[in-house]
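Visitor: Please find the sequence and the predicted model below.
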Amino acid sequence: DEGPQRFALQRAFIAITRVAAAAAVEFHPRVWLGAHLSYVSGAANFAQRQDFGALADFSDALAGPPINQANAFGPDAPSTVRELDVLGRDVVIKDAAVHAVTFGLGVTVKPIDRLTIGLAYDHGSNLDFAGDFEIDMNDELFTQDLRKNGLEYAPRVEGDATISLSTPKRFTLGVHHDTTATIDLELRLAYVTWSDFDRIGVVLESEGLAQPAVGLPPRNSVDLPRRWDDTVSVEGLVHADLLANLRLLVALGYQSPASPDETIDASGPDGHRLIGALGVDWGLTPDTHLIADARVQRLIEREVEDSEHDLGNGTYNLLIAAFGLHLQVRFGEGE
């Protein structure tokens, strides 16, 4: 809460669930077409220290009548007047929820018996989380010092909050080859339009924010710039039958970075990633399988020197590991 990255992010909780109805049709003995319709719901809670010195509305309020105080505040404020403790106010957004709908399309082609090619498209979503906010304004600068000039906040301001962001579109190509009786090879390529995620938009609305004497409205909008780049990833997989009922999966891959130097910060570390995975599929019965897997992403160490955000500069490292245990049961007759 008091560390140097408190202006980037203090806490974030985001949970997204998707429930999909999908269908596929055999268009040709070697061609299948499919589609899905998904209902997306989610919940979010955030805590961040907002730098009022980076807000254009606050700069204009100080510069205009009746205060008439020239200043260098605003989105392009120099580092000497940014992230000052007196202008850093704690903001909490809680109980934010979202509901949305998205879709996807796919085609699978089997040009020869041993080769299968699949192409999938996921449309992504525009998500608007709606919740409540609280701002700690309990500092004499905001509650007393400028009272005679028409600017006076309550020690705590509460109201409605909206967080807006876009999830990207995803194009995925998979090629699977039954190389031998016991070994399959697979190649996966993906292109993700992270450029759709250009910002996190935050809108706060409350009568407690209104300061009509200095021209501040009850509604305040802040854009947290991201301006991410589209990414490509490639992954090679080997499936091998070790025993009649035991199958091994090994994967290696690479993913390009989405976050550019200009907008990277501690809330979204990113860089060139190396990917590895290992999985074991144990057939307990012909219709029941126990599957264990592990997946690791390693960010190649990244040095940033020209971030638009002072605290975005520095060295970035990241290691993500995921482990899973799954039970798969097939019901009914046939394959």
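Guide: Received the coordinates, thanks.
Visitor: center of the protein, which residue is that?
Guide: Nearest to the geometric centre of the chain sits residue 167, at 7.2 Å (CA atoms, centre = their mean).
Visitor: quick one, what contacts it?
Guide: Residues near residue 167 by CB atoms under 8 Å, 6 or more residues apart in numbering: 124-125, 127, 196-197. Every C-beta, even on glycine, is put in place using the N, C-alpha and C of the backbone.
Visitor: With residue 308 instead?
Guide: With contacts defined as CB under 8 Å, 6+ apart, the neighbours of residue 308 are 225, 262-263.
Visitor: element containing it, please.
Guide: Assessed by DSSP states H and E, residue 308 sits outside every helix and strand.
Visitor: Then residue 67?
Guide: Per DSSP H and E, there is no helix or strand for residue 67.
Visitor: Name the residues linked to residue 239 by a beta bridge.
Guide: residue 184, residue 249 (DSSP bridges).
Visitor: from memory it sits against residue 277, does it?
Guide: No: using CB atoms under 8 Å, residue 239 makes no contact with residue 277, being 11.8 Å away.
Visitor: what's the overlap in contacts for the two?
Guide: In contact with both residue 239 and residue 277: residue 249, using CB under 8 Å, 6+ apart.
Visitor: picking that back up, and the buried ones among the contacts of residue 308, selectable in ChimeraX?
Guide: If you want just the buried ones from the contacts of residue 308 in ChimeraX, going by 16 or more other CB atoms under 10 Å, the selection is:
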select :263
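Visitor: Rebuild the contacts of residue 308 as JSON lines, extending it with distance to residue 26 and secondary structure.
Guide: JSON lines is the format used below for the contacts of residue 308 (distance: CB to CB, whole Å; DSSP: H, G, I helix; E, B strand; the rest coil):
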{"residue": "225", "distance to residue 26": "47", "secondary structure": "strand"}
{"residue": "262", "distance to residue 26": "48", "secondary structure": "coil"}
{"residue": "263", "distance to residue 26": "46", "secondary structure": "coil"}
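Visitor: ok, of the contacts of residue 308, which one's closest to residue 183?
Guide: For the contacts of residue 308, the residue nearest residue 183 by CB to CB is residue 263; the value is 43.8 Å.
Visitor: got a list of what the closest one touches?
Guide: 225-228, 307-309, 312.
Visitor: Lowest-confidence entry in the residues you listed?
Guide: pLDDT is lowest at residue 309 among those; the value there is 71.
Visitor: Not counting its neighbours along the chain, what's nearest that residue?
Guide: Spatial nearest neighbour of residue 309, excluding adjacent residues (CB to CB, 6 or more residues apart in numbering): residue 265 at 5.4 Å.
Visitor: Is that neighbour within a helix or a strand, and which one?
Guide: Short version, using DSSP H and E: residue 265 is in no helix or strand.
Visitor: can you give me the strands for the stretch 151-300 of the chain?
Guide: 156-166, 170-177, 183-192, 199-205, 219-225, 231-243, 246-255, 273-285, 288-304 (DSSP state E, counting those that start in this stretch).
Visitor: want to try a markdown table for those, with distance to residue 53 as columns?
Guide: Below are the strands of the stretch 151-300 of the chain laid out as a markdown table (distance: least, CB to CB, whole Å):
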| stretch | distance to residue 53 |
| --- | --- |
| strand 156-166 | 18 |
| strand 170-177 | 38 |
| strand 183-192 | 35 |
| strand 199-205 | 17 |
| strand 219-225 | 13 |
| strand 231-243 | 33 |
| strand 246-255 | 36 |
| strand 273-285 | 35 |
| strand 288-304 | 22 |
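Visitor: closest one to residue 148 among the ones you listed?
Guide: Of the strands of the stretch 151-300 of the chain, nearest to residue 148 by CB to CB is strand 156-166, at 20.4 Å.
Visitor: partners of the closest one in the sheet?
Guide: strand 126-136 (antiparallel), strand 199-205 (antiparallel).
Visitor: Work out the gap between it and the centre of the chain.
Guide: Computed by CA atoms, centre = their mean, to the nearest Å, the chain-centroid distance of strand 156-166 equals 18 Å.
Visitor: Output it as CSV, nothing but the C-alphas.
Guide: C-alpha atoms of strand 156-166 as CSV (Å, rounded to 0.1, in the frame of the first residue of the first chain):
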residue,chain,number,x,y,z
ARG,A,156,-14.7,10.2,2.2
VAL,A,157,-16.5,10.3,-1.2
GLU,A,158,-18.7,7.4,-2.3
GLY,A,159,-20.6,6.7,-5.5
ASP,A,160,-21.0,4.6,-8.7
ALA,A,161,-18.1,3.2,-10.7
THR,A,162,-17.7,1.7,-14.1
ILE,A,163,-14.6,-0.1,-15.4
SER,A,164,-14.5,-0.7,-19.2
LEU,A,165,-12.1,-2.9,-21.1
SER,A,166,-12.1,-5.0,-24.2
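Visitor: Give me the buried positions along it.
Guide: In strand 156-166, counting by 16+ other CB under 10 Å, buried: 157-159, 161-166.
Visitor: re the thing from before, nearest to residue 5 among the contacts of residue 308?
Guide: residue 263 (14.8 Å).
Visitor: mind checking the backbone torsions on the closest one?
Guide: phi -120, psi 10 (degrees, to the nearest 10).
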